[in-house]
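In: following is a predicted model, sequence given first.
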Amino acid sequence: MNSKSTDAPRRVILIKAGELALKGLNRGTFEAILLKNLNHRLSSLGEFRMRKAQSAIFVEPLRNDIDIEEAARRVSEVFGIAAYSVAEVTEKKIDVILEAAADFLGKELLSVSTFKVEAKRSDKSFPLTSPEICEKAGEFLLERFPHLKVDVHHPQALAVIEIRDFGAYIHSRQLPGAGGMPVGSGGHAALLISGGIDSPVAGFLMAKRGISLSGIHFVSPPYTSERAEMKVKSLMEQVPRYAGHMELYIVPFTKIQVEIGRLCPEDLFTIIMRRFMMRIATILGNKYDCGALVTGESLGQVASQTLPAIACTDAAAGLPVLRPLIGMDKDEIITISRRIETYDISIQPYEDCCTVFTPRHPRTRPKLEMVLEAESVLDTEALIEEAVRGVRKYSI
């Protein structure tokens, strides 16, 4: 660990933790999870010191060669953070603060015509009040940047000076964080992930509510290719940017699909197939301490996503099924998939087992008794046992 002079200017990331402020006596637990997630996300960049104080989290690199801008970008993807900013830290001396503000904010101030100074003084031993700090900083910056004008209502740039216990912090506007709750604070769930657009978005939205995830993917070689499996692994590699470390379970599904196709009515094929997926996902979910299953279904998007079809599917699940996309249309889902950088991977032309075995005329309003009768010809228990024995596991 490299030591730093307390007098030398240094850069840190200031974090505002959003919803965690509402957690009362449990707030400390949620903050500990957030700090753990931050450490995990930043560890490959180098060593950081993190501490909580005065309604903020301070993230300080312990080496001068650490890329603070890349660290800030990674912080922006960590759930549980409402806002963040890169700040310059200086001595709590007004002349030092003013020079540091001009240097640190100079590039931004040169690119705008109006600005405003905001000051916050949580260290009440500092000799100047917040209005006095604003006045001195405003005068100093106007002299240093004579093209500027003060606009207290709609400034193009902000110069924020915070006098805290550990030093004086100078930064511009806070940038929006990812929001939500820290991943892991809401439990663990199994994400049924296909190679399509929807399921990675569903995983992203559940991670935003604090759910840690394991992925379950069904393959049907030779009907599905190795490239289709690689596509899903690529999708899963994007999700941990927000959801943290994940396990992916690959389930062999060919024999089940062939038997359904051979013995069951074609119009019920998709419903029966999805019921088998739910049964297998429940077994894996229970084995790996998952409290729920997560799917990317959107109501009415395809024949298997009508209310009667969803009811038949859920009847086979032994865990709660969460559908965060249920009320979204495709454009909304695509917008999120582009933002989380999964869209271009999802549209690669490698089919998954659901699209390969799609019936020509699927039944949109199946009745459970009809589905149960159609399934009765299958050796359900043996088929599931064989599939579970063949599961392969990958760490993402």
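Out: Noted; the coordinates are in hand. Residues are numbered from 1 along each chain as shown.
In: for the helix or strand harbouring E259, packing partners?
Out: E259 belongs to helix 254-263 when elements are defined using DSSP states H and E. When contacts are defined as 3 or more Cβ pairs under 8 Å, 6 or more residues apart in numbering; DSSP states H and E, helix 254-263 packs onto helix 269-287, helix 380-389. Quick note: C-beta positions are derived from backbone N, CA and C, even for glycine.
In: buried set for that helix?
Out: 254, 256-257, 259-260 (16 or more other Cβ atoms under 10 Å).
In: ok, now stretch 225-239?
Out: 228-229, 231-232, 235-236, 238-239.
In: now stretch 195-209
Out: For stretch 195-209, by 16+ other Cβ under 10 Å, it's 195-209.
In: list the contacts for the spatially most central residue of the chain?
Out: For the chain, Y242 is the residue whose C-alpha lies nearest the centre (Cα atoms, centre = their mean; 3.0 Å). Residues in contact with Y242 (Cβ atoms under 8 Å, 6 or more residues apart in numbering) are 77-79, 178, 183, 204, 207-208, 340.
In: distance of it relative to K208?
Out: 7 Å (Cβ to Cβ, to the nearest Å).
In: what touches both of those two?
Out: With contacts defined as Cβ under 8 Å, 6+ apart, the residues shared by Y242 and K208 are 79, 178.
In: about what we covered before: contact partners of the helix holding E259?
Out: 219-223, 269, 272-273, 276, 353, 357, 377-379, 383-384, 386-387.
In: how far off helix 269-287 does it point, in degrees?
Out: Helix 254-263 runs at 150 degrees relative to helix 269-287, counting by axes from the mean of the first three to the mean of the last three Cα atoms, to 10 degrees.
In: could you give the number of residues near the nearest residue to H188 once chain neighbours are set aside?
Out: Nearest residue to H188, sequence neighbours excluded (Cβ to Cβ, 6 or more residues apart in numbering): S212, at 4.9 Å. Counted with other Cβ atoms under 10 Å, residues neighbouring S212 total 21.
In: cool, A159 as well?
Out: 26.
In: so what are the sheet partners of the helix or strand encompassing it and their directions?
Out: If you go by DSSP H and E, A159 is part of strand 157-164. Strand 157-164 has its sheet partners listed here by DSSP bridges as strand 114-121 (parallel), strand 167-171 (antiparallel).
In: neighbouring contacts of the last one?
Out: Defining contact as Cβ under 8 Å, 6+ apart, one finds that strand 167-171 is touched by 6, 12, 14, 85-92, 96-97, 100-101, 104-105, 159-162.
In: tell me the mean pLDDT for that strand?
Out: Averaging pLDDT along strand 167-171 yields 95.
In: ranges for the strands of the stretch 201-350 of the chain?
Out: 212-219, 247-252, 293-294, 321-322 (DSSP state E, counting those that start in this stretch).
In: what's the closest of those to H361?
Out: strand 212-219 (22.9 Å; Cβ to Cβ).
In: where does the protein have low pLDDT?
Out: For the chain, the stretches with pLDDT under 70 are 1-9, 18-25, 54, 303, 351-357, 359.
In: what residues go with each domain of it?
Out: Domain segmentation of the chain under automatic domain parsing yields 10-178, 188-395.
In: which of those domains sits most buried?
Out: domain 188-395 (a mean of 19; mean count of other Cβ atoms under 10 Å).
In: what's the angle between the helix or strand harbouring D103 and strand 114-121?
Out: Take DSSP H and E as the rule and D103 turns out to sit in helix 94-110. Interaxial angle, helix 94-110 versus strand 114-121 (the same axes, to 10 degrees): 150 degrees.
In: where do the helices sit along the stretch 1-150 of the chain?
Out: Using DSSP state H, counting those that start in this stretch, the helices of the stretch 1-150 of the chain run over residues 27-42, 68-75, 94-110, 130-144.
In: out of these, nearest to L293?
Out: helix 27-42 (22.6 Å).
In: now the closest one, how far from the chain's geometric center?
Out: Put simply, helix 27-42 sits 14 Å off its chain's centre (Cα atoms, centre = their mean, to the nearest Å).
In: returning to what we had before: by how many degrees do the helix holding E259 and helix 380-389 diverge?
Out: 150 degrees.
In: quick check: angle from helix 254-263 to strand 212-219?
Out: 50 degrees.
In: could you export the buried residues of stretch 225-239 as JSON lines, including distance to I310?
Out: Output for the buried residues of stretch 225-239, formatted as JSON lines (distance: Cβ to Cβ, whole Å):
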{"residue": "A228", "distance to I310": "25"}
{"residue": "E229", "distance to I310": "27"}
{"residue": "K231", "distance to I310": "26"}
{"residue": "V232", "distance to I310": "23"}
{"residue": "L235", "distance to I310": "23"}
{"residue": "M236", "distance to I310": "25"}
{"residue": "Q238", "distance to I310": "27"}
{"residue": "V239", "distance to I310": "24"}
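In: out of those residues, who's nearest V150?
Out: Looking across the buried residues of stretch 225-239 and measuring by Cβ to Cβ, the closest to V150 is Q238, at 43.7 Å.
In: residues in contact with the closest one?
Out: Per Cβ under 8 Å, 6+ apart, neighbours of Q238: 200, 340-342, 345.
In: how far out from the middle of the chain is the longest strand belonging to the chain?
Out: With secondary structure taken from DSSP state E, the chain has its longest strand at strand 81-90. Chain-centre distance of strand 81-90: 20 Å, with Cα atoms, centre = their mean.
In: CA atoms only: put it into PDB for me.
Out: Taking C-alpha atoms only, strand 81-90 is exported to PDB below (Å, rounded to 0.1, in the frame of the first residue of the first chain):
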ATOM      1  CA  ILE A  81     -25.700   4.000  -6.200                       C
ATOM      2  CA  ALA A  82     -27.900   7.000  -6.900                       C
ATOM      3  CA  ALA A  83     -25.200   9.400  -8.000                       C
ATOM      4  CA  TYR A  84     -21.400   9.800  -8.100                       C
ATOM      5  CA  SER A  85     -18.700  12.300  -9.000                       C
ATOM      6  CA  VAL A  86     -14.900  12.400  -9.300                       C
ATOM      7  CA  ALA A  87     -13.600  14.900  -6.900                       C
ATOM      8  CA  GLU A  88     -10.300  16.600  -6.100                       C
ATOM      9  CA  VAL A  89      -9.300  16.500  -2.500                       C
ATOM     10  CA  THR A  90      -7.200  19.300  -1.000                       C
END
